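Engineer: Coordinates for the following, if possible.
(chains A and B)
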Amino acid sequence: DQQVKQNSPSLSVQEGRISILNCDYTNSMFDYFLWYKKYPAEGPTFLISISSIKDKNEDGRFTVFLNKSAKHLSLHIVPSQPGDSAVYFCAARRTGTASKLTFGTGTRLQVTL
Amino acid sequence: NAGVTQTPKFQVLKTGQSMTLQCAQDMNHEYMSWYRQDPGMGLRLIHYSVGAGITDQGEVPNGYNVSRSTTEDFPLRLLSAAPSQTSVYFCASSYSGTSRDTQYFGPGTRLTVL
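Structural biologist: The predicted model follows:
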């Protein structure tokens, strides 16, 4: 049972345009959501997060939106740059579960020139 | 700080062999975890530890053992390797393990079991 889903395995966007990566979840006990970025042969690195009490969090070119009623979150990257080309993982955590993250399957973003 | 380090980077085992994947962190983090990444599956939690001497199972613990004798180290043991354990393994750590605490990941160990 995949509790965190990323239905788009890949996405291609032109440099300078907006990249929108989507994530859906099924467990209503999740209260904190994170996005990780992963380059080949490296470990995931933290990108941005959002608490379930918020609907938006912004950090530079990256914005995460959370729609709790739809159990949906999205990551917006504006403007997209070639260095953003990587695999992006959505992850979720339940209250009180400390280190236990539930990950989605990832979306490979390619930013073209 | 070196952050989270993992050794080896690559390993090939034969079915039935045993080995230990090493993980160390120098950030004085209390929480450490092991994940495996398989194609189309994302990362799945194997075992985790909330501090020295305390470990617990994650989502896919079968076939793996862990121990945490020091804050810095969190080795993952495969007692009898199976082809189904072919995967990329990531170790992660975080300071306190609260909901808002960021996990830092190591570079991974790519394991192939023949």
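Engineer: any weak-confidence spans in chain A?
Structural biologist: Where chain A drops to pLDDT under 70, the residues are A:97-99.
Engineer: What segments of chain A are helices?
Structural biologist: Taking DSSP state H, chain A contains no helices at all.
Engineer: Chain B contacts on that one?
Structural biologist: Within chain A, the positions near chain B by C-beta under 8 Å from any C-beta of the partner chain are A:4, A:6, A:31-32, A:34, A:36, A:41-46, A:49, A:51, A:89, A:91, A:93, A:95, A:98-106. Yep, even glycine has a C-beta here, placed from its N, CA and C like the rest.
Engineer: and residue 2, what does it touch?
Structural biologist: Using chain A here. Neighbour list for residue A:2: A:26, A:104-105 [criterion: C-beta atoms under 8 Å, 6 or more residues apart in numbering or on different chains].
Engineer: Please refer instead to chain B.
Structural biologist: Residue B:2 sits next to residue B:26 when contact means C-beta under 8 Å, 6+ apart.
Engineer: Could you list the buried residues of stretch B:50-59?
Structural biologist: By 16 or more other C-beta atoms under 10 Å in any protein chain shown, the buried positions in stretch B:50-59 come out as B:50, B:52, B:55, B:58.
Engineer: what subset of the residues you listed is also close to chain A?
Structural biologist: Within the buried residues of stretch B:50-59, those near chain A by C-beta under 8 Å from any C-beta are B:50, B:58.
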